[in-house]
Structures are given as C-alpha cells and as structure tokens.
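Undergrad: build me a structure from this.
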Amino acid sequence: MPAENFTVLKNKLVTHPGVINKIEHGRAEITVVTHSACASCEIKGVCSISDTKEKIIEVDLGPGENYKKGQPVTVEMKASLGHWAVLLGYFFPFLVVLIGLVLFISAGMDQGLAGLLSLLLLTVYYVMLYFSRGFLRSRFSQQISK
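TA: Purely as a prediction, here's the structure:
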C-alpha cells in the first residue's frame, strides 16, 4: 500500500487522504478510509486481524474555497488537537469514574451504590460534552487541501 494512504505527521499536522461526498451549507462531508498497520501486510488474510474503516469528517469551508463532489482532498488537523480528543474521550472519563468511586466508597457507601453513582457521574460528564459540542466543533476544526 502506498505511503500516502497512511496518517502522516509532518509539521505537527495529522493528515488523511479523503474524498468529498457532499457539500452543502458551507460544509464539506469527506470520507476518509483508515487502515490498521496490518492492512498492508502480505499475509493479512491468514490472521484475520486486518482492519479498514471508513470515517465521515465534516469540514467547514472558508469563503472562496471551491471544491466539488468526488474530488480527492487531504484533511489536516493539528496534532495537539488529537491529544486533546484522547484526553476528553478516554482519560477524563476514566478519572471521573475513578475519583467518583474513591470518594463514594470513602464516604462509607456500599460498593455497588458507589459504582452506580460513579456511572451516573460519567453520564453527567458525557451530557456536558454533548452540550459543549458547538464549542468543541469550533476548537476541533480541520482544514482541507487539494
């Protein structure tokens, strides 16, 4: 598989090749195909762990940007935003559950009730993320280039 089909980290940008599916209301919908490291392996049919996924990414188009449906493009995002996405999606929720469990158990609650309340805290965290999606969308912006 050619090297240009993989994520490239250059100048602190993460890039993915993609194709524009749809353009409407100043926003382009781009399909990006991601491959696991073994997707290019010569014997991937033997081990059955190769993985290819299609992802849809929405990118706001700036004034004067002229793209067409079916056009191949490169989606770019700052590498530091990927780190923040991992923190918001995985690390902070883990901390919410862990800290909730420790606090509830140290307050003398039953372990089962403490677990349920920690999951409730996790639900509150994800609801807060959901309502912050407009702000997060503006912060986690991607650009496209030809």
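Undergrad: go through the protein and flag its longest helix.
TA: Determined from DSSP state H, the single longest helix within the chain is helix 111-131.
Undergrad: next SSE after that helix?
TA: Counting by DSSP states H and E, the element after helix 111-131 in chain order, helix or strand, is helix 133-139.
Undergrad: run through the neighbouring helices and strands of the helix or strand following that next one.
TA: Using DSSP H and E, the helix or strand that directly follows helix 133-139 along the chain is strand 143-145. Judged by 3 or more CB pairs under 8 Å, 6 or more residues apart in numbering; DSSP states H and E, strand 143-145 is in contact with strand 72-78. Placement of C-beta: from N, CA and C, glycine included.
Undergrad: tilt between the next helix or strand after the strand it packs on and strand 72-78?
TA: Per DSSP H and E, the first helix or strand lying C-terminal to strand 72-78 is helix 79-86. Angle, helix 79-86 to strand 72-78, by axes from the mean of the first three to the mean of the last three CA atoms, to 10 degrees: 80 degrees.
Undergrad: ok now helix 79-86, how far from the chain's centre?
TA: When C-alpha coordinates are averaged (CA atoms, centre = their mean, to the nearest Å), helix 79-86 and its chain have centres 9 Å apart.
Undergrad: quick check: next helix or strand after it?
TA: Per DSSP H and E, the first helix or strand lying C-terminal to helix 79-86 is helix 92-106.
Undergrad: now the longest helix of the chain: buried residues?
TA: Ala114, Gly115, Leu117, Ser118, Leu121, Tyr125 (16 or more other CB atoms under 10 Å).
Undergrad: over to stretch 18-32?
TA: By neighbour count on 16+ other CB under 10 Å, the buried set for stretch 18-32 is Gly18, Ile20, Ile23, Ala28, Ile30, Val32.
Undergrad: okay, and the closest residue to the fifth one other than its chain neighbours sits in which element?
TA: Translated: Ile30. The shortest distance from Ile30 to any non-neighbouring residue, by CB to CB, 6 or more residues apart in numbering, is to Gly18 (4.2 Å). If you go by DSSP H and E, Gly18 is part of strand 13-24.
Undergrad: what's the first helix or strand after that strand?
TA: On the C-terminal side of strand 13-24, the closest following helix or strand by DSSP H and E is strand 27-35.
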